[in-house]
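Participant: Predicted structure and sequence below. I'll ask about it afterward.
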Amino acid sequence: MPETPPRKRSPAPLISPSRQAPNREPIRLTAPEQGSREWDLLGVGDIDIDIFLKVDRLPARDDKVLSSLLGEFPGGMTANVCCAASRLGSRCGMVGLVGDDPYGAKALAGLTAYGVDTSLVRAVKGGRTFFCVVLLDGSGEKALTVVDTDCRLPRRDIDPEEFARARLVHLLGDDAQFVEWAAEEAARRGALVSVDMEASTTQRGVSALESLLSRIDVVFLNEHGYRIGFGGEPLDALHRVLDLGPRVAVITRGSLGALVGTSTGVWEIPAYPVPVTDSTGAGDCFVGAFLTSLLQGMSPAECGQFAAAAAALSLRAVGARTALPDQDEVLALLADPATSHHRQVAQ
């Protein structure tokens, strides 16, 4: 497990002002000043263990494949985001649940290994730590089964005053009522609020998401999530999301890169062409890197480029966190003249 890097260095500017939206200033979200609060980022969401199985091919319906065990690795979308952000220099804390079982101890150790504060993680007596089974084929693509337990998502027993200790609160969108409450309480205490929304959230439909998205500063959707919830082309979906209230909306699209949208424009962020060992957690690394650079004052387009480079580097090894990059590695990839830069595709 790599050591957590020094945390005082900020990434250099990634693009020149000439690459920004013409005649319009890019949006830059304002968080509480750096160092004014205990954490830069407080993640509120899932913590798990990922069980990786190597297969020659992903099974079809009513199919059987042989597999070999690659290992058990700490994971969880929100926990991965916190580890990625911490690796890149953010001060991070985590709110979530684990069971008082061996997986719970392993999951907590995985967070502390990356310097994430676990003082708000609760071990549930008699609970069973949430886990996933990941089938990984030779291309690095995966099929993932979530094994739900009584410790998958946090409950509304957190003191909302804890949100005042963070510059930004990042939420997993699965429990809509809890997330709306947490978003409102965090914003009331001056924190920026971001949310990660997958198909399990967006399948409720646009009308059910209006109240939640009106409370959010930054929203992240993957391609499946936006198609289920909003349909149509990604550019149209991005505008529909922004119309509901977020100041920044991001759609991650795997090997197709990402779209980053604000009221001043939409930018296409190409994916970096790198060898893929395992794509598990690449989207979480993207989110952690995006939020880290956002908190350091970069524009959303710059954040997208920084995050794409970090996510590409995370593909190098099996496990969501095994190959999380530090800032030097990300900046080296960004400095490579052969790598792509973002471009504005709409205003």
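Facilitator: Nice, I can see it.

Participant: What ranges does the stretch 201-347 of the chain have for its helices?
Facilitator: 206-213, 223-229, 234-243, 282-295, 300-313, 327-335 (DSSP state H, counting those that start in this stretch).

Participant: How many neighbouring residues does the closest residue to residue 259 other than its chain neighbours have?
Facilitator: Distances taken as Cβ to Cβ, 6 or more residues apart in numbering place residue 251 nearest to residue 259, at 4.7 Å, with adjacent residues excluded. Just so you know, the C-beta spots here come from the backbone N, C-alpha and C atoms, and that holds for glycine as well. Neighbour count for residue 251, taken as other Cβ atoms under 10 Å: 26.

Participant: for residue 251, what are its contacts?
Facilitator: Each residue near residue 251 by Cβ atoms under 8 Å, 6 or more residues apart in numbering is listed here: 221-223, 226, 234, 237-238, 258-259.

Participant: for residue 171, what are its contacts?
Facilitator: Contacts of residue 171 by Cβ under 8 Å, 6+ apart are 44-45, 78, 179, 182-183, 193-196.

Participant: Specify the local secondary structure of the residue located most distally from the centre of the chain.
Facilitator: Centroid-distance maximum for the chain: residue 62 at 33.0 Å, with Cα atoms, centre = their mean. Here residue 62 is coil, with the state taken from DSSP: H, G, I helix; E, B strand; the rest coil.

Participant: Phi and psi next, for it.
Facilitator: phi 60, psi 40 (degrees, to the nearest 10).

Participant: And it, what's its pLDDT?
Facilitator: We have a pLDDT of 91 for residue 62.

Participant: cool, residue 202 as well?
Facilitator: 87.

Participant: what number of residues lie near it?
Facilitator: 23.

Participant: likewise residue 245?
Facilitator: Counted with other Cβ under 10 Å, the neighbours of residue 245 add up to 17.

Participant: For it, give its distance to residue 301.
Facilitator: According to Cβ to Cβ, to the nearest Å, residue 245 and residue 301 sit 20 Å apart.

Participant: Which among the helices of the stretch 201-347 of the chain is found nearest to residue 164?
Facilitator: Shortest distance between residue 164 and those, using Cβ to Cβ, is found for helix 282-295: 16.2 Å.

Participant: For the closest one, C-alpha coordinates in CSV please.
Facilitator: Taking C-alpha atoms only, helix 282-295 is exported to CSV below (Å, rounded to 0.1, in the frame of the first residue of the first chain):
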residue,chain,number,x,y,z
ALA,A,282,-11.5,4.7,-11.9
GLY,A,283,-14.7,6.8,-11.7
ASP,A,284,-14.2,7.3,-8.0
CYS,A,285,-10.6,8.4,-8.5
PHE,A,286,-11.9,10.9,-11.1
VAL,A,287,-14.3,12.3,-8.5
GLY,A,288,-11.7,12.5,-5.8
ALA,A,289,-9.2,14.3,-8.1
PHE,A,290,-11.9,16.6,-9.5
LEU,A,291,-13.0,17.7,-6.0
THR,A,292,-9.4,18.1,-4.8
SER,A,293,-8.5,20.5,-7.7
LEU,A,294,-11.8,22.3,-7.3
LEU,A,295,-11.0,23.0,-3.7
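
Participant: For it, the averaged confidence score.
Facilitator: The average pLDDT within helix 282-295 is 97.

Participant: can you confirm residue 171 is in a helix?
Facilitator: No. When classified by three-state DSSP, residue 171 is found to be strand rather than part of a helix.

Participant: May I have the beta-bridge partners of it?
Facilitator: Beta bridges link residue 171 to residue 44, residue 195 when assigned by DSSP bridges.
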